[in-house]
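Student: Mind folding the following:
(2 chains)
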2 protein chains.
Amino acid sequence: MTPSSHQRIILASTSTLHGEEYLAYLQPAIRTLFTGIREIIFIPYARPGGISHDDYTSRAAGFFAAMGISVKGLHTFASPADALRKAEGFFTGGGNTFLLVKQLHELGLMNVLKEVVENGAPYLGTSAGSNIACINMQTTNDMPIVYPPGFETMGLVPFNLNAHYLDPVPGSQHMGETRETRIKEFHTQQDVPVVGLREGSWLEVTGTDIFLRGHLSARIFKAGREPQEHAPGMLQL
Amino acid sequence: MTPSSHQRIILASTSTLHGEEYLAYLQPAIRTLFTGIREIIFIPYARPGGISHDDYTSRAAGFFAAMGISVKGLHTFASPADALRKAEGFFTGGGNTFLLVKQLHELGLMNVLKEVVENGAPYLGTSAGSNIACINMQTTNDMPIVYPPGFETMGLVPFNLNAHYLDPVPGSQHMGETRETRIKEFHTQQDVPVVGLREGSWLEVTGTDIFLRGHLSARIFKAGREPQEHAPGMLQL
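Tutor: Numbering: from 1, shown residues only, chains lettered A, B, ... in the order given. Okay, the predicted model is just below:
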């Protein structure tokens, strides 16, 4: 898998920081990503309920209106594949990764989206929307509430993410696995590197260069090695 | 699905309580469950690494030796299906539920185990080993480190478990979903009731009666209803 030299991508750990407005901390980065773009497609499929696809799209549209960018929900198109091919840019929101991946595969959209993003259409993902840019969804924190036809995702970046990465709680008496233990379990099965992306961090992909943005370090997991902290800046795995 | 009137089952949230020995808090209940039994089969398939199936089996065997019960690992039999059919009782340990379910399905053992337990062979499960007694594994907390051929499990009880159930952390600024939110997301897709089983709790199944044991309440989730706390005693869903 060779990252495309045309890619322009933002992959955020979370859409929203505690006590802040939706996407607020990402606003400058998103403005840069979508420079010159008048309309993007929002992919709402990760949302398992609570709000409808229309309402979820409206929420995204409210944010983008302030930048003069209009937003259409992918669920509103008769042919979503055609809509993806014609679109200027994309935003995939968070929710449940199993639900998102199931629908993208069943609608035949995973590879279409991959192709248009590799060809240069800017892509923004948050949480589940970031997971699908990776090799596979097998380091998600989500519950398997639906059974997708496969766990493969777009492979736009040569690693997996663990979004909303959480450090072990000091002194915890809980016996469930920590996030770090879970990722080490993943590495008993696969060699794909994993970037533990804390809330407030995002990755910025420009061609073949990938940068860790925000103020926090990320935790890098590789099979057979001790995890390492990686400071913001160019990502070197 | 009608629970068998012959079933004798213990489903524990966790094998080990913080600061205690392996299975120690369950010792009296396990002794009762396996009264008159000389040998059980241990199913080590959930373990993703760290220790081998042999070592994991030895750990279980160490506990059971004190009760005069010998333990054989299912992985040591040339025909695991035959071994299940001939066994006096079973213990499935914890680890990763995806890994456990994948192997039980691929080896054709899920239905064999279901049948022998329904016919009265006593069964002990902890964590992932408890999940597989339920309708499906879709309320596990585990990471999808492997892709099972399906999420269906034995259906020995008419609900799902969420083992290691965790209450929301008061004042948390983390934006990832709480356990309760995840289970509510499950209920946007399926109506199967979910028992949130806290560490220190276990379910005891005797025929068609199911009891919540231990000192803690369990949190009961039903589709379209507010979650409820359920005190120890006969489980009424």
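Student: For the top helix by length along chain A, give the mean pLDDT please.
Tutor: Longest among the helix segments of chain A by residue count, using DSSP state H, is helix A:53-65. Computed over helix A:53-65, the mean pLDDT rounds to 97.
Student: Could I get the full set of strands for chain A?
Tutor: Taking DSSP state E, the strands of chain A run over residues A:8-12, A:39-43, A:70-73, A:90-92, A:123-126, A:160-162, A:194-196, A:202-206, A:209-213, A:218-221, A:228-230, A:233-234.
Student: And the longest helix of chain A, what does it pack against?
Tutor: Under the contact criterion of 3 or more CB pairs under 8 Å, 6 or more residues apart in numbering or on different chains; DSSP states H and E, helix A:53-65 touches strand A:39-43, strand A:70-73. For the C-beta atoms, the positions are set from N, CA and C on the backbone; glycine is no exception.
Student: Now that helix - C-alpha only, CSV.
Tutor: Below are the C-alpha coordinates for helix A:53-65, written out as CSV (Å, rounded to 0.1, in the frame of the first residue of the first chain):
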residue,chain,number,x,y,z
HIS,A,53,-29.3,11.1,9.4
ASP,A,54,-30.9,14.4,8.4
ASP,A,55,-30.4,15.9,11.9
TYR,A,56,-26.9,14.7,12.1
THR,A,57,-26.2,16.2,8.7
SER,A,58,-27.8,19.5,9.8
ARG,A,59,-25.4,19.6,12.7
ALA,A,60,-22.4,19.3,10.4
ALA,A,61,-24.0,21.8,8.0
GLY,A,62,-24.4,24.4,10.8
PHE,A,63,-20.6,24.3,11.5
PHE,A,64,-19.7,24.5,7.8
ALA,A,65,-22.2,27.3,7.0
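Student: Could you check how far the most centrally placed residue in chain A is from chain B?
Tutor: Nearest residue to the geometric centre of chain A (CA atoms, centre = their mean): A:S130, 0.6 Å. Distance of A:S130 to chain B, given as CB to the nearest CB, to the nearest Å: 13 Å.
Student: Wait, that residue touches A:S15, no?
Tutor: No. Look at A:S130 against A:S15 with CB atoms under 8 Å: they stay out of range, at 9.8 Å.
Student: any weak-confidence spans in chain A?
Tutor: Residue ranges of chain A with pLDDT under 70: A:1-3.
Student: Tell me where it has helices.
Tutor: Using DSSP H, the helices of chain A run over A:27-33, A:53-65, A:80-86, A:97-106, A:110-118, A:128-131, A:179-186.
Student: so of the ones you listed, which one's packed in deepest?
Tutor: helix A:128-131 (a mean of 28; mean count of other CB atoms under 10 Å in any protein chain shown).
Student: quick one on the thing from earlier: hmm, who's touching the longest helix of chain A?
Tutor: Contact with helix A:53-65 is made by A:22-23, A:40, A:42, A:44-45, A:47, A:51, A:70-73, A:75-76, A:91, A:93, as judged by CB atoms under 8 Å, 6 or more residues apart in numbering or on different chains.
Student: cutoff 7 Å now
Tutor: Outside helix A:53-65, the residues that touch it by CB atoms under 7 Å, 6 or more residues apart in numbering or on different chains are A:Y22, A:L23, A:I40, A:F42, A:P44, A:R47, A:V71, A:G73, A:H75, A:F91, A:G93.
Student: cool, stretch A:175-190 as well?
Tutor: By CB under 7 Å, 6+ apart, stretch A:175-190 touches A:138-139, A:162, A:165-166, A:168, A:194, A:196, A:221, A:223, A:227, B:14, B:16, B:18, B:48-49, B:96, B:141, B:143, B:145-146, B:164, B:199.
Student: From one end of it to the other, what's the distance?
Tutor: Stretch A:175-190 stretches 25 Å from its first residue to its last (CA to CA, to the nearest Å).
Student: From the chain's centre, how far out is it? Work that out for me.
Tutor: 20 Å (CA atoms, centre = their mean, to the nearest Å).
Student: How about stretch A:60-67?
Tutor: How far stretch A:60-67 lies from its chain's middle: 19 Å, per CA atoms, centre = their mean.
Student: on that earlier part again, go through the helices and strands packed on helix A:53-65 and name the closest to A:T208.
Tutor: strand A:39-43 (23.4 Å; CB to CB).
Student: Report the buried residues of that closest one.
Tutor: Neighbour-count burial for strand A:39-43 flags A:I40, A:I41, A:F42, A:I43 (criterion: 16 or more other CB atoms under 10 Å in any protein chain shown).
Student: Could you tell me which residues make contact with A:G196?
Tutor: A:N162, A:Y165, A:R179, A:I183, A:A218, A:R219, A:F221.
Student: and it, bridged to which residues?
Tutor: On the basis of DSSP bridges, A:G196 is bridged to A:N162, A:R219.
Student: what about it, distance to B:E88?
Tutor: Going from A:G196 to B:E88 by CB to CB, to the nearest Å gives 45 Å.
Student: I'd guessed the residue nearest to the centre of chain A sits against A:H164; true?
Tutor: No. Between A:S130 and A:H164 there is no contact under CB atoms under 7 Å: 10.1 Å.
Student: What distance do you get for A:A121 to A:S172?
Tutor: Counting by CB to CB, the gap from A:A121 to A:S172 is 43 Å.
Student: who's more crowded, these two?
Tutor: Taking other CB atoms under 10 Å in any protein chain shown, A:A121 and A:S172 do not tie; A:A121 has more neighbours (23 against 10).
Student: so what's the more buried one closest to, chain neighbours aside?
Tutor: Once flanking residues are discounted, A:A121 sits nearest to A:G89: 5.6 Å by CB to CB, 6 or more residues apart in numbering or on different chains.
Student: what number of residues lie near that neighbour?
Tutor: Neighbours around A:G89, by other CB under 10 Å: 23.
Student: tell me the phi and psi of it?
Tutor: Phi and psi for A:G89, reported as degrees, to the nearest 10, are phi -170, psi 170.
Student: Could you check how far it is from chain B?
Tutor: 24 Å.
Student: cool, and A:L161?
Tutor: From A:L161 to chain B the distance is 13 Å (CB to the nearest CB).
Student: ok, now A:A81?
Tutor: A:A81 is 25 Å from chain B, where distance means CB to the nearest CB.
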